[in-house]
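K.L.:
Quick one, fold the following:
(one chain, ligands or ions: 1)
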Amino acid sequence: MTELDGSRIADELALRGVRLGPVLIHQQTGSTNDDVRGLAAQGAPHGAVVIADAQTAGRGRGAHRWHSPPDKNLYLSLLWRPRLESSRLALLALAVGVGVARVVDVHLDGPRARIKWPNDVFVDDRKLAGILVEASMSARGAFAVIGVGLNVHTTSFPDDLASSATSLALAGGHDLERNRLAAEVVASIVAACCELELAVEEGRRPVCLEDLARRDWLLGRAVRVGECAGQGAGIDADGRLLVRRADGSFNSVVSGEISLEVGRG
Ligand code: BTN
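P.N.:
The predicted model follows:
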């Protein structure tokens, strides 16, 4: 397996027209999101990236951990100093999912990446990538840490993930060299987030939200979010999940853990 190499990734980013902050590599760290948060507090620039070969405390949303073994996958975090108002930051997390899904499609030769709202990337009804966006304040203003875990070469998962997780290798992906893949993921996220911010500023519907609608894995599925049960009915212009209840009324969900209602259509 090729080692992760920060200067190689920076070169690949420059080839794609992306010249942002430094790309730092750790052989092992607790969580790349924590590393980037620390860098942000020290005044690191927009676009600083930390990538780890392994994480000992990789986190997901809620109380979830992120399986982060060495030599196999991508665990990366990007510092984003948003131009969006804080009330619209949830849209940023949606754009990141779309950015990752677009790269996945390239390596799987077709539109196979779906998004389970808000931003889990699914292939073949299994989770391939997870995204954790954490917003904070520093002396330089608001910032977001965009964390992405992408399963690349893992072919066997711990028992609790074995039936729900997949990787690019398991899905039949090609050209899975991690340095190039890391640059593609960062460049695609940057493109999706920049497009989102510009569209919001100009009062247009962002293209990435159109793309998200086409990839909506929950559409038509029976879902439950807290007390609200119904059928996934799309994602609205503000990025909220729409749920159609049995009585035909709609509920729009801003955030929350989605569970699927087994056996209901
Ligand atoms: C989820 O699916 O709940 C989100 C998972 C996010 C995992 C990534 S791996 C890189 C970054 N560092 C972390 O600790 N978490 C994110």
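K.L.:
Show residues contacting stretch 53-68.
P.N.:
Residues from elsewhere that reach stretch 53-68, judged by CB atoms under 8 Å, 6 or more residues apart in numbering: 3-4, 25-34, 52, 69-71, 75, 130, 132, 147, 149, 154, 157-158, 161, 165, 257. Heads up, the C-betas are built off the backbone N, CA and C, glycines and all.
K.L.:
Kindly report the same for stretch 134-148.
P.N.:
The list of residues contacting stretch 134-148 from outside it, by CB under 8 Å, 6+ apart, reads 31-33, 36-37, 40-41, 43, 59, 74-82, 86, 89, 92-93, 96, 100, 129-133, 185, 189, 193.
K.L.:
how about 7 Å then?
P.N.:
The set of residues external to stretch 134-148 that reach it, using CB atoms under 7 Å, 6 or more residues apart in numbering, is 32-33, 36-37, 40-41, 43, 74, 76-82, 86, 89, 92, 96, 100, 129, 131-133, 185, 189.
K.L.:
Then stretch 190-208?
P.N.:
Contact partners of stretch 190-208, identified using CB under 7 Å, 6+ apart, comprise 18, 20, 80, 83-84, 88, 91-92, 95-96, 98-99, 237.
K.L.:
and residue 209, how many neighbours does it have?
P.N.:
Residue crowding around residue 209 was assessed by other CB atoms under 10 Å; the count is 20.
K.L.:
Make sure it is indeed in a helix.
P.N.:
Yes: with DSSP: H, G, I helix; E, B strand; the rest coil as the criterion, residue 209 is assigned to a helix.
K.L.:
Could you look up the SS state of residue 99?
P.N.:
Put simply, residue 99 is helix when judged by three-state DSSP.
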